[in-house]
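Trainee: here is a sequence with its predicted model. Questions after.
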Amino acid sequence: MSFAQVYTRSVVGLHAPQVIIEVHLSQGLPALTIVGLPAAAVRESKDRVRSAILNSGFQFPNRRLTINLAPADLPKDGARLDLPIAIGILAASGQLEPEVLSGFEFIGELALNGELRQVSGSLAVARAMKAESLVAKSAIADEQEPRQLQQLRQLIVPIDNGTEASRVEGVEILGAQSLKAVCNHLQSLADPSVINERLEIVTPSPAQQYIGYQVDLADVKGQHHARRALEIAAAGGHSLLFTGPPGSGKTLMASRLPTILPDLSDEDALEVASTYSVADSDYDYGTRPFRQVHHTISAVALVGGGSRPKPGEITLANKGVLFLDELPEFDRTVLEVLRQPLEAKQITISRANSQMTFPANFQLVAAMNPCPCGYDGDGSGRCRCRPEQIKRYQDKLSGPLLDRIDLHITVPALPIADLQNAQAGETSAQVRIRVSAAHKQQLKRQKKVNNELSPSEIDKYIRLGAGEQQLLQLAQQRLNLSARGYHRVLRVARTIADLADSTDITSAHVSEALSYRSK
């Protein structure tokens, strides 16, 4: 047998399309050629694979090797193809039985001594395998004539990726320490008389479960108005801007927002974990992400991109919070790229030969000082900023961006008496009960949170009485509300009513919503 076929996956954005590695041995001078749009890391795999095969006790074929990565027009990146390439070479050269390979998919980087090293994207690979299986089952169920469904393949990964990949239910994960261990497993399946130690299925461990947050809203003393806004933002998925002097607690409150958000569903937790797996970043499974970025960040780092687009901060904040401190200090062009993701909840990155869409369903929380020195209007007289300096500072933020922020909150300096008050406020757990109840009402009523309602859905789910309509008309004249601002006031009013467990939106709800648009 001089031909073998091995199944694996590439990772493109957050997706993991299937790749078939075809290995053919032919007569000619010894050479190894890899075709099918391999990136540099894939092209270099031939040297790692050769050493790993020899150091694992196998023979490297002294013939012409052609390795095709199909489909040929799909870019392949990363060292995760090392293991399947090595398996394909061994099968094509007769050292493994090609028939047993059809029941497996392989990913893993090979060290020169044959050990398997951890790779990024294993969770995305496992999710893609499960998704394709569900699609196949659905297609077969819709056919008039039943046909047999191919059994879902097992996924062989480096042992360090086993725990991560095993979070996906329905996909059997086999963790391996080395190329030799993988080959022993395959040989024992091909010939039961061969006594080899088989790989074991990795099962999720209790350590994978939700571990909770290390901070709590009870840490915030005073600032009742800002705490109320934080609760409204959490209940309806609204964006938030804190304005106040240094040390007033803006960053402290922003970092507590994830602790009062509703718990992630199992599917959302997997989506977030998959994003961090592709980005090769640490993540505490089950928690809402909180990404705090510095004002020197570039637009590409914020929204994602590069020659081979990767997730940016807005995608890493998906299902969580993106916090921008010292908002006016950010480059204006960087802030303007946030406008479209805030509306669409996703970001599409286009390149000459590809287009990728990343999720960006995050809550924006921003903080800023009222002036360059930070003390304008605090009553202490410390501010020495001239009016034109204050105006220039505040004009760094465009009107369209500010119009997309639902809640504008002034955070005053905290009196020492409040700091010395030993009585703690409500805990995150107490506030989360109210937030979760309001969140469930929204999902039951409209299948989404209030901040995601479209204009047509606002007309359907948000009905106002004559008094509330008149109040909004008066507010529109005084506050110069745009159509977008008007819709955002309605969404916030609907959230306030949900927190009050009220079916109808009253004038009190509308008045409170308008108070957060006064700036």
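Mentor: The structure has been received and is ready for your questions. Residues are numbered from 1 along each chain as shown.

Trainee: low-confidence ranges, the stretch 201-350 of the chain, go.
Mentor: Judged by pLDDT under 70, the stretch 201-350 of the chain has its weakly predicted residues at 205-211.

Trainee: swap in 50 and give it another go.
Mentor: By pLDDT under 50, the low-scoring segments of the stretch 201-350 of the chain are 207.

Trainee: need the strands for it, in chain order.
Mentor: Assigned by DSSP state E, counting those that start in this stretch, the stretch 201-350 of the chain shows strands spanning 240-243, 290-293, 304-305, 310-311, 321-324, 346-351.

Trainee: the longest strand seen in the chain pairs with which strands, parallel or anti?
Mentor: Among all segments of the chain classified by DSSP state E, the strand with the greatest residue count is strand 18-26. As defined by DSSP bridges, the strand partners of strand 18-26 come to strand 3-9 (antiparallel), strand 64-70 (antiparallel).

Trainee: tell me the contacts of the residue lying closest to Ala235 once chain neighbours are set aside?
Mentor: Counting by Cβ to Cβ, 6 or more residues apart in numbering, Ala235 lies nearest to Ala438, which is 4.1 Å off, once chain neighbours are set aside. Every residue, glycine included, has its C-beta placed from N, CA and C. Ala438 sits next to 235-236, 495, 498-499 when contact means Cβ atoms under 8 Å, 6 or more residues apart in numbering.

Trainee: top of those by neighbour count?
Mentor: Most neighbours among the contacts of Ala438, by other Cβ atoms under 10 Å: Thr495, with 31 neighbours.

Trainee: tell me the spacing between the spatially closest residue to that one that is not a sequence neighbour and Ala92.
Mentor: What sits nearest to Thr495 in space, not counting adjacent residues and going by Cβ to Cβ, 6+ apart, is Gly236, at 3.2 Å. Plainly put, Gly236 is 58 Å away from Ala92 if you go by Cβ to Cβ, to the nearest Å.

Trainee: got any ranges where this structure has weak pLDDT?
Mentor: 207.

Trainee: quick check: longest helix of it.
Mentor: helix 122-142 (DSSP state H).

Trainee: who does the following helix or strand past that helix touch, helix- and strand-wise?
Mentor: Next along the chain after helix 122-142, taking DSSP states H and E as the criterion, comes strand 154-158. If you count contacts as 3 or more Cβ pairs under 8 Å, 6 or more residues apart in numbering; DSSP states H and E, strand 154-158 packs onto strand 104-106, helix 122-142, strand 173-176.

Trainee: and these: which comes nearest Lys319?
Mentor: helix 122-142 (14.8 Å; Cβ to Cβ).

Trainee: mind jotting down where the helices sit in the stretch 251-400 of the chain?
Mentor: 266-279, 299-303, 313-316, 332-336, 339-344, 387-394, 399-403 (DSSP state H, counting those that start in this stretch).

Trainee: run a quick neighbour tally on the closest residue to Ala233 other than its chain neighbours.
Mentor: Nearest residue to Ala233, sequence neighbours excluded (Cβ to Cβ, 6+ apart): Leu240, at 4.7 Å. Using other Cβ under 10 Å, Leu240 has 26 neighbouring residues.

Trainee: so Leu240 bridges to which residues?
Mentor: In beta-bridge terms (that is, DSSP bridges), Leu240 pairs with Val365, Leu407.

Trainee: hmm, Met368 and it touching each other?
Mentor: No. Contact status for Leu240 versus Met368: not in contact, 11.8 Å apart, counting by Cβ atoms under 8 Å.

Trainee: show me the contacts for Tyr393.
Mentor: Tyr393 sits next to 328, 371-372, 385 when contact means Cβ under 8 Å, 6+ apart.

Trainee: neighbour-wise, give me the winner out of those residues.
Mentor: Cys371 (22 neighbours).

Trainee: residues in contact with that residue?
Mentor: So Cys371 contacts 383, 385, 389-390, 393-394 (Cβ under 8 Å, 6+ apart).

Trainee: cool, Lys180 as well?
Mentor: 56-57, 114.

Trainee: what's the distance between the residue nearest to Ala235 and Pro30?
Mentor: Applying Cβ to Cβ to Ala438 and Pro30 gives a distance of 68 Å.

Trainee: and if you look at Lys448?
Mentor: From Lys448 to Pro30 the distance is 60 Å (Cβ to Cβ).

Trainee: try Ala466
Mentor: 87 Å.

Trainee: one step back: buried subset of the contacts of Lys180?
Mentor: 56, 114 (16 or more other Cβ atoms under 10 Å).

Trainee: make CSV from the contacts of Lys180 and add secondary structure and distance to Ala508 to it.
Mentor: Below are these laid out as CSV (DSSP: H, G, I helix; E, B strand; the rest coil; distance: Cβ to Cβ, whole Å):
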residue, secondary structure, distance to Ala508
Ser56, coil, 73
Gly57, coil, 78
Gly114, coil, 70
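
Trainee: with distance to Lys319 added, can I get the contacts of Lys180 in CSV?
Mentor: Output for the contacts of Lys180, formatted as CSV (distance: Cβ to Cβ, whole Å):
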residue, distance to Lys319
Ser56, 42
Gly57, 46
Gly114, 39
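
Trainee: which of the contacts of Lys180 sits closest to Leu479?
Mentor: Gly114 (68.6 Å).

Trainee: my guess is the closest one meets Arg50, correct?
Mentor: No. Using Cβ under 8 Å, Gly114 is not in contact with Arg50; the gap is 11.1 Å.

Trainee: so who does the closest residue to Ile89 other than its chain neighbours touch?
Mentor: Excluding the flanking residues, the one nearest Ile89 by Cβ to Cβ, 6+ apart is Val23, at 5.7 Å. Neighbour list for Val23: 3-6, 65-67, 85, 88-89, 91-92 [criterion: Cβ under 8 Å, 6+ apart].

Trainee: what about 6 Å?
Mentor: 4, 67, 88-89, 92 (Cβ atoms under 6 Å, 6 or more residues apart in numbering).

Trainee: tell me which two of the residues you listed sit farthest apart.
Mentor: Longest span within the contacts of Val23, Cβ to Cβ: Ala4 and Ile67, 10.1 Å.

Trainee: if we can go back for a sec, dump the strands paired with strand 18-26 to JSON lines, plus distance to Pro98 and mean neighbour count.
Mentor: Output for these, formatted as JSON lines (distance: least, Cβ to Cβ, whole Å; neighbours: other Cβ atoms under 10 Å):
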{"stretch": "strand 3-9", "distance to Pro98": "5", "mean neighbour count": "22"}
{"stretch": "strand 64-70", "distance to Pro98": "15", "mean neighbour count": "20"}
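
Trainee: nearest to Gly249, of those?
Mentor: Once these are compared by Cβ to Cβ, strand 3-9 is nearest, at 46.2 Å.

Trainee: in stretch 354-363, what counts as buried?
Mentor: 356, 358-363.

Trainee: now do it: everything it contacts.
Mentor: So stretch 354-363 is contacted by 13, 304, 309, 311, 314-315, 317-318, 321-322, 341, 345-349 (Cβ under 6 Å, 6+ apart).

Trainee: are any of the residues you listed buried, and which?
Mentor: 13, 304, 309, 311, 314-315, 317-318, 321-322, 341, 347, 349.

Trainee: so which of the residues you listed is the closest to Asp216?
Mentor: Val321 (15.4 Å).

Trainee: do I have it right that that closest one meets Pro289?
Mentor: No. Between Val321 and Pro289 there is no contact under Cβ atoms under 6 Å: 7.0 Å.

Trainee: shared neighbours of these two, which are they?
Mentor: Joint contacts of Val321 and Pro289 (Cβ under 6 Å, 6+ apart) do not exist.

Trainee: for the residue nearest to Ala233, give its distance to Val411.
Mentor: 11 Å.

Trainee: what's the answer for His225, then?
Mentor: 8 Å.

Trainee: more neighbours, those two?
Mentor: Val411 (19 against 14).
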